[in-house]
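# return atomic coordinates for the entry below.
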Amino acid sequence: MNIKLLEAFLAVIDYKTMSAAANRLFTTQPNISLMIKDLENYYSTKLFNRVSKKLYLTPEGVKLEKYARKVMADFKEMNEAMFNKNKIIRIGSSVTVGQYLLNGYLKSLKSLMQNIEFEVVINNTAEIEKLILNNRIDIAIVEGKINSKNITQIEILEDELIAIISYHYPLENEIKYLADLELLPWISREEGSHNRNQFEIDMNERKIYPQVVFRATNLETIIQAVENQYGFAIVSKLAAKEAIKKQSLKQLTFADYSCPRSIRYIYNRNHEKDPIISQILNCINNHL
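Prediction:
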């Protein structure tokens, strides 16, 4: 049954005549009469009696009015919910970005895009890449390597993977070259990680194997272990920035090695012309 039939039925009740109902619904009186007839045929019952040119509801018409008003109220509520709802944007980020940058970006986005709701997913870059390709998230900010050619990547910040050690760590030997890291105990990520960062990959290719004395999956735990002088760790310069500034950590530099990288926002190439994505990108750029 067409919802318009119930709308016409209630309009006739509320405005007393079919011509008045027609004016209210911007149609003609014959059309309203036809819609009432269709409704009566649908339920195989008479809904109005005409007495002295006035319309009166039949008992079946009274019964239908009760349900029709409820249906129309639910229909109105449904339309308001669907047409006026906030659009949901799914934002992903890698772990470092999620911990040190994402809150600032989200605050800026929420203030400029008040009709948008944001869902956030934080994971390693490889997993975020998969979610982008599978359209499970719309846009992401990451610092790791992206392999797929179906993903657009745009650099927004420079970063670097660095080796850090406690500012007060008693260095017995000068650390000048990358291979000198073998002189220091290493606070590493979990054993068997399938997503090693570029710094660790480069050490492995150069056959540099520092002794691991502590393993952790959590970045904050790793930094705390370094501050407690357990050894050195490899982290984003962004993650160590404040601790270096406070002189609880210091960066180890090498004459023969550095590991710069970029922080980028990424999205599926199929979304190139999505106006919401463009609006988010502009907002992020203005926040920088």
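# where does pLDDT dip in this structure?
Filtered on pLDDT under 70, the chain yields the residue ranges 81, 84-86, 191-195, 287-288.
# longest single helix anywhere in it?
The longest helix of the chain (DSSP state H) is helix 59-83.
# burial count for the spatially closest residue to Y209 that is not a sequence neighbour?
In this structure, Y209 finds its nearest non-sequential neighbour in E182, 6.7 Å apart by CB to CB, 6 or more residues apart in numbering. For glycine as for every other residue, the C-beta is placed from the backbone atoms N, C-alpha and C. E182: 13 surrounding residues under other CB atoms under 10 Å.
# if we can go back for a sec, next secondary structure after the longest helix of the chain?
Reading on from helix 59-83 to the C-terminus, the next helix or strand found by DSSP states H and E is strand 87-93.
# just the C-alphas of the helix or strand just after that next one, formatted as CSV.
Following strand 87-93 in sequence order, the next helix or strand is helix 95-100 (DSSP H and E). The C-alpha trace of helix 95-100 is given here as CSV (Å, rounded to 0.1, in the frame of the first residue of the first chain):
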residue,chain,number,x,y,z
VAL,A,95,49.7,3.7,16.2
THR,A,96,52.2,6.5,16.5
VAL,A,97,49.9,9.0,14.7
GLY,A,98,47.0,7.8,16.8
GLN,A,99,48.9,8.5,20.0
TYR,A,100,50.6,11.8,19.1
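# ok, and what's touching helix 95-100?
With CB atoms under 8 Å, 6 or more residues apart in numbering as the test, helix 95-100 has contacts from 120, 122-124, 141-143, 219-220, 235-236, 238-239, 263.
# what does stretch 103-114 contact?
So stretch 103-114 is in contact with I91, I116, F118, V120, I141, Q279, I280, C283, I284, N286, H287, going by CB under 8 Å, 6+ apart.
# need the buried ones from those selected in PyMOL.
In PyMOL, a selection of the buried entries from the contacts of stretch 103-114 looks like this (16 or more other CB atoms under 10 Å):
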select buried, resi 91+116+118+141+280+283+284
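# and the contacts of stretch 103-114, which of them are in helices?
The helices, defined by DSSP H, take in Q279, I280, C283, I284, N286, H287 from these.
# and the chain, what are its domains?
3-83, 87-157+262-287, 159-261 (automatic domain parsing).
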